[in-house]
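J.: how does the following fold in three dimensions:
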Amino acid sequence: MTTLFTAEHEWITTDTPATVGITVHAQDALGDIVFVDLPAVGATLNQGEVAGVVESVKAAADLYMPVSGEVVEVNEALRDDPSLANSDPLNSGWFFKVRVTDTAQFDKLLDATAYDELVKNS
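T.: Alright, predicted model coming up:
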């Protein structure tokens with residue numbers, strides 16, 4: 001399994017189904033997360049479409065679909081305790097799982113080195 005990143009600060013795994021969440025950088029920038037609006041199971045979204053919303057005490061931010069696919073599971077624990085996105089954004093703070101419909105779209109995403117460089121230069 002590989003983890004890839006978007007320029008909008010989402011991460012996605014390349015396993016099946018793929019798991020999606022927000023990066024450490026994103027949760028740091030947002031501050032304390034108080035609410036998440038997750039996509040519906042069964043929703044089919046295209047790469048770049050808004051898949052949900054993350055609200056914090058400081059701001060609200062859209063969550064974008066890293067690749068096209070069908071949402072097959074959402075993290076109900078995150079819905080019950082949005083702070084998981086702060087305390088463990090890369091593990092228990094995941095947002096949803098997706099059945100990817102175009103794996104070639106992974107090639108448009110950033111690896112960890114490229115993402116770190118993006119964050120460093122922003």
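J.: ok, P82 touching G31?
T.: No: applying Cβ atoms under 8 Å as the test, P82 and G31 come out as separate, 11.8 Å apart. The C-beta positions use only the backbone N, C-alpha and C, and glycine is treated the same way.
J.: so for the two, which residue has more residues nearby?
T.: A direct count of neighbours by other Cβ atoms under 10 Å for P82 and G31 places P82 higher, at 18 against 12.
J.: so what's the more buried one closest to, chain neighbours aside?
T.: I33 (4.6 Å; Cβ to Cβ, 6 or more residues apart in numbering).
J.: check contacts around that neighbour.
T.: With contact set as Cβ atoms under 8 Å, 6 or more residues apart in numbering, I33 has these partners: 27, 54-56, 82-83, 85-86.
J.: list the beta-bridge partners for the spatially most central residue of the chain.
T.: The chain has G21 as the residue nearest its centroid, 2.8 Å off, counting by Cα atoms, centre = their mean. Counting by DSSP bridges, G21 is bridged to W11.
J.: how about the contacts made by it?
T.: Residues counted as contacts of G21 (Cβ under 8 Å, 6+ apart) are 10-11, 85, 89-90, 93-95.
J.: redo those residues as CSV? Include secondary structure and distance to V74.
T.: Output for the contacts of G21, formatted as CSV (DSSP: H, G, I helix; E, B strand; the rest coil; distance: Cβ to Cβ, whole Å):
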residue, secondary structure, distance to V74
E10, strand, 15
W11, strand, 16
A85, helix, 13
P89, coil, 16
L90, coil, 17
G93, coil, 13
W94, coil, 9
F95, coil, 7
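J.: pull the distance from the biggest helix by length in the chain to the chain's centre.
T.: Longest helix in the chain by number of residues, with DSSP state H as the criterion: helix 112-120. Centre-to-centre, helix 112-120 and its host chain are 16 Å apart (Cα atoms, centre = their mean, to the nearest Å).
J.: who does that helix touch, helix- and strand-wise?
T.: Secondary-structure packing of helix 112-120 (3 or more Cβ pairs under 8 Å, 6 or more residues apart in numbering; DSSP states H and E): strand 3-5.
J.: could you report the neighbour count for N91?
T.: Counted with other Cβ under 10 Å, the neighbours of N91 add up to 10.
J.: tell me how far it lies from A85.
T.: Distance, N91 to A85, using Cβ to Cβ, to the nearest Å: 11 Å.
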